[in-house]
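**Q** return atomic coordinates for the entry below.
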Amino acid sequence: MSKSLIFALIYILISFALIILQSTLLVPRRLGALSPDFNLIMILFPAIYQGIRGGTALALTNCYIMDVMSGNTIGVYILSRMGVFVIIHRISNSVYYRNSIIQALLLFTGTLASWGFIYTVILMETEFDFQVSLGKVIVQGISNSTVGLLIFQLLDKINERVQR
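**A** Below is the predicted model of the structure:
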């Protein structure tokens, strides 16, 4: 079995476990804006660290898992999160992405872009009065950046061990 495939399987298992954790124990109703978005973090890892083909496959798999487990229409997470994936992947190609500050900024930017997609889709699809403050989005961006850096370090170490 190839080393890339082994890492992909480990990545999918970790994604699956984090999505379960996010949807059971760390739901936004309990923690509010401090609740990290593990799905977004796990989608941004391949956007930053992986090539376009492998990263896209990992991100699509993660989005599909989230679509299935959330009970939403299939494709909601795929469309919104893959837009963020493309944006962050393009930005990360232009910067030194191994720097923790750059990674935190990319995670923060990804959070803002994700909420922008969500806000736009809700406004286009419904008459629902969607209220989310910029302050809450910024707090979640900081939460995602903090937790995301730890997850990125863990995944990077796992990938290094698998590649040996």
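**Q** the closest residue to residue 73 other than its chain neighbours - how many residues pack around it?
**A** Nearest residue to residue 73, sequence neighbours excluded (Cβ to Cβ, 6 or more residues apart in numbering): residue 67, at 7.7 Å. In short, each C-beta sits where N, CA and C put it, glycine included. For residue 67, the neighbour count with other Cβ atoms under 10 Å is 19.
**Q** these two touch, right, residue 67 and residue 78?
**A** Yes - checked against Cβ atoms under 8 Å, the pair residue 67 and residue 78 is within contact range at 6.2 Å.
**Q** which residues of this protein fall in helices?
**A** Along the chain, counting by DSSP state H, helices occupy 3-24, 28-31, 38-49, 52-70, 76-92, 100-125, 134-163.
**Q** how far out from the middle of the chain is the fifth one?
**A** Which is helix 76-92. Relative to the centre of its chain, helix 76-92 is centred 9 Å away, using Cα atoms, centre = their mean, to the nearest Å.
**Q** how about the fourth one?
**A** Remark: helix 52-70 is offset 10 Å from the chain centroid, using Cα atoms, centre = their mean.
**Q** list the residues that contact the residue nearest in space to the middle of the chain.
**A** Per Cα atoms, centre = their mean, the C-alpha nearest to the average position across the chain is that of residue 40, at 1.7 Å. By Cβ atoms under 8 Å, 6 or more residues apart in numbering, the contact list for residue 40 reads 81, 84, 110, 111, 114, 144.
**Q** need the residues you listed in TSV with pLDDT, can you?
**A** Shown next, in TSV, are these (pLDDT from 0 to 100):
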residue	pLDDT
81	82
84	86
110	88
111	86
114	83
144	88
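**Q** for residue 45, state which of those residues is nearest.
**A** Taking Cβ to Cβ as the measure, residue 45 sits nearest to residue 110 out of the contacts of residue 40, at 10.4 Å.
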